[in-house]
Each structure stands twice: as C-alpha cells, then as structure tokens.
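In: Kindly generate the corresponding structure for this input.
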Amino acid sequence: MASGSPLRIEPREPLAIDAHARDNLRFIRETMERAGAFTAVPGWGGVAMGATALAAGVIAARQPTIEARLGTWLAAATLALAIGAFTMARKARAARIPLLRGPARKFALSLVPPMLAGALLTAVLYRAGLTAAIPGVWLLLYGTGVVTGGAFSVKIVPVMGLCFMAEGAVALFSPAAWGDQFLMAGFGGLHLLFGFIIARRYGG
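Out: Modelled structure (predicted):
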C-alpha cells in the first residue's frame with residue numbers, strides 16, 4: 001500500500017476579536033438609531049406640498065388685496081397640512097410604525113407648538129398692520145418646528161428645518177414686496193428638494 005504524503009493545512013489568519021466586536025457594536029448602534037427615529041416623514045408628500053405652495057404663490061400674486069393674498073396662502077397651508085398628515089399616516093402604516101407613541105409622538109409634540117405660535121402671531125401681526133413680517137415669521141417658525149421635530153427623525157429633516165429658518169430670517173429683513181417669492185422658495189422649493197431626497201433615500 002503506497003503511503004501518501006501527509007495533508008498540509010494552511011494556517012488561517014486569526015480573526016481579530018476587536019474587529020468582530022466593532023461590527024457588532026456598529027450593528028447595535030444603527031439598530032437603536034433606527035428604532036429611536038421617526039422614519040415616516042413623507043418624501044413624496046413633501047413634493048406634493050411643495051407643488052401646492054408653488055401654485056398658491058402664482059394665485060396669490062394675482063390677488064388685489066392683502067386679505068385675499070393671505071387667504072390664498074392660508075388655504076394652501078391647510079391643504080398642505082392635510083397632504084402631509086395623510087401621506088405620513090400612509091407611510092407609517094406601511095412601515096408598521098405607531099403614530100401615537102414612541103418617536104412619532106415626540107416628533108408631533110416638537111413640531112406642533114411652533115406652528116401654533118405661528119398661527120397666533122399671524123393674527124397679531126395682521127391686526128397690528130405688520131403683514132410684511134408674516135412670510136418671515138411663517139418660514140422661521142415652521143423651520144423651528146421641523147428642526148425640533150427632526151431631532152426624533154432622520155438626519156435630513158433637521159437640515160431642512162435649518163434651511164427654512166435661514167430663509168425666514170432673511171425674509172424678515174427683506175422688502176415686503178418679496179414676501180410671495182420667499183414663501184414660494186421656502187414652502188415650494190425647499191419642500192420639493194428635500195421631499196425628493198427623502199423619497200429617494202428613505203422609501204417614499
């Protein structure tokens with residue numbers, strides 16, 4: 001019986017324990033971040049809200065009185081809020097994310113107060129004859145709500161809020177005649193831009 005040469009087993013590189021631990025920690029951290037973030041911010045809903053604002057800007061520019069212009073924007077805001085709420089609920093339902101507890105509840109509790117403050121200030125500014133400040137106040141406070149709510153959402157959301165705040169700050173110190181343009185650029189342009197990014201990166 002011929003004797004064969006002994007099998008040679010090539011030594012393997014030892015797996016670094018710290019590398020395996022780093023992978024596990026990274027996975028745990030990312031999982032916890034996803035679990036603690038409200039990911040149902042609607043991207044395509046934001047696009048629709050932006051389109052609504054652009055249409056409102058065109059209509060508002062043709063109105064003969066400040067009351068009619070404000071009425072146009074308030075109607076557009078009501079429609080946009082309805083679109084946002086509907087698309088958010090739809091996305092949350094598809095992802096099985098509860099809307100009344102956890103990150104969603106924190107998101108809403110952070111977003112709503114600045115918007116309510118904006119509604120009250122609108123009435124005060126209108127009564128005081130300071131309607132030129134309304135576009136800047138709307139953009140600034142909406143951005144504030146998005147930033148604070150975005151603390152419980154994906155990273156792109158507070159970035160969007162900061163852009164709204166920056167535009168609102170500029171609008172407050174700009175000529176009153178530019179109000180509609182600022183509202184179109186903010187509620188129209190920024191919603192379109194960030195809505196598209198959110199839809200592409202975070203699933204609709």
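
In: And residue 98, how far from residue 195?
Out: Applying C-beta to C-beta, to the nearest Å, one obtains 23 Å for the distance of residue 98 from residue 195. Heads up, the C-betas are built off the backbone N, CA and C, glycines and all.

In: higher neighbour count, the two?
Out: residue 195 (23 against 12; other C-beta atoms under 10 Å).

In: Tell me which residues touch that one, please.
Out: Taking C-beta atoms under 8 Å, 6 or more residues apart in numbering as the contact definition, residue 195 lies against 42, 43, 44, 45, 46, 47, 48, 49, 50.

In: Could you do residue 189 as well?
Out: 50, 54.

In: Validate this expectation: it resides in a helix.
Out: Yes - checked against DSSP: H, G, I helix; E, B strand; the rest coil, residue 189 lies within a helix.

In: Residue 46 versus that one, what's the distance?
Out: 11 Å.

In: Please identify the helix or strand for the closest residue to residue 171 other than its chain neighbours.
Out: Of all residues beyond its chain neighbours, the one nearest residue 171 is residue 136 (3.6 Å), with distances taken as C-beta to C-beta, 6 or more residues apart in numbering. Assigned by DSSP states H and E, residue 136 falls within helix 134-150.

In: Can you name the element that comes right after that helix?
Out: Counting by DSSP H and E, the element after helix 134-150 in chain order, helix or strand, is helix 156-172.

In: Quick check: buried residues in that next one?
Out: Using 16 or more other C-beta atoms under 10 Å as the test for burial, helix 156-172 gives 156, 157, 158, 160, 161, 163, 164, 165, 167, 168, 171, 172.

In: how about the contacts of residue 195 in CSV, adding neighbour count and pLDDT?
Out: Below are those laid out as CSV (neighbours: other C-beta atoms under 10 Å; pLDDT from 0 to 100):
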residue, neighbour count, pLDDT
42, 24, 83
43, 21, 87
44, 16, 91
45, 25, 90
46, 27, 91
47, 20, 94
48, 20, 94
49, 25, 95
50, 23, 95
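
In: Show me which of those residues is closest to residue 128.
Out: Using C-beta to C-beta, residue 49 is the member of the contacts of residue 195 that lies nearest residue 128, at 28.9 Å.
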